[in-house]
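>>> The sequence and its predicted three-dimensional model are supplied below.
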Amino acid sequence: MEPVQPILVADLFPGLHAELIALLRGLVPEDWSRPTVAGAWTVKDVAAHLLDVQLRRLSAQRDGARLPPSDQALARMEIAGDRALGEPVARMLAVMA
């Protein structure tokens, strides 16, 4: 049996981030407080969560900090996309300001 080969998706991150940022930029103030399928979370809560995940990953990589166990699995999934994280995080911060 051959070992499972990784599926490299890093090249998809820039396009995904661009689509998310375009979507967030298109929101009117009332949209940010709309409910989502994520229970009690609003659109702003979901956007903040996505940003938080990206910032934690960048900080952990930059500072060499160990991620909490709950974030370690996420970090392993995002390793391939590390190079694509910096610019989208900055743009998301600007949109949410």
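Done, it's in.
>>> pLDDT-wise, which helix or strand of the chain ranks last?
Least confident element among the helices and strands of the chain, by mean pLDDT, DSSP states H and E: helix 69-78 (a mean of 52).
>>> low-confidence ranges in this structure?
Counting by pLDDT under 70, the low-confidence segments of the chain come to 65-97.
>>> any chance you could map the helices in it?
Under the criterion DSSP state H, the chain contains helices at 13-25, 43-63, 69-78, 86-96.
>>> Does anything pack onto the longest one? Which helices or strands?
Here helix 43-63 touches helix 69-78, helix 86-96, going by 3 or more CB pairs under 8 Å, 6 or more residues apart in numbering; DSSP states H and E. Any C-beta I mention is one placed from the backbone N, CA and C, and that applies to glycine too.
>>> Just the buried positions in it, please.
Neighbour counts over helix 43-63 (16 or more other CB atoms under 10 Å) mark Val43, Lys44, Asp45, Ala47, Leu50, Leu51, Val53, Gln54, Arg56, Arg57, Ala60 as buried.
>>> Repeat that for the first one.
Of the residues in helix 13-25, Phe13, His17, Leu20, Ile21, Leu24 count as buried by neighbour count, 16+ other CB under 10 Å.
>>> hmm, which two among those residues are most spread apart?
Spanning the widest gap among the buried residues of helix 13-25 are Phe13 and Leu24, at 16.1 Å by CB to CB.
>>> hmm, back to that, pick out the most distant pair among the buried residues of helix 43-63.
Checking the buried residues of helix 43-63 with CB to CB, the most distant pair is Val43 and Ala60, at 26.4 Å.
>>> Format the buried residues of helix 43-63 as TSV; extra columns: distance to Glu2.
Below are these laid out as TSV (distance: CB to CB, whole Å):
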residue	distance to Glu2
Val43	44
Lys44	46
Asp45	43
Ala47	41
Leu50	35
Leu51	39
Val53	32
Gln54	34
Arg56	34
Arg57	30
Ala60	32
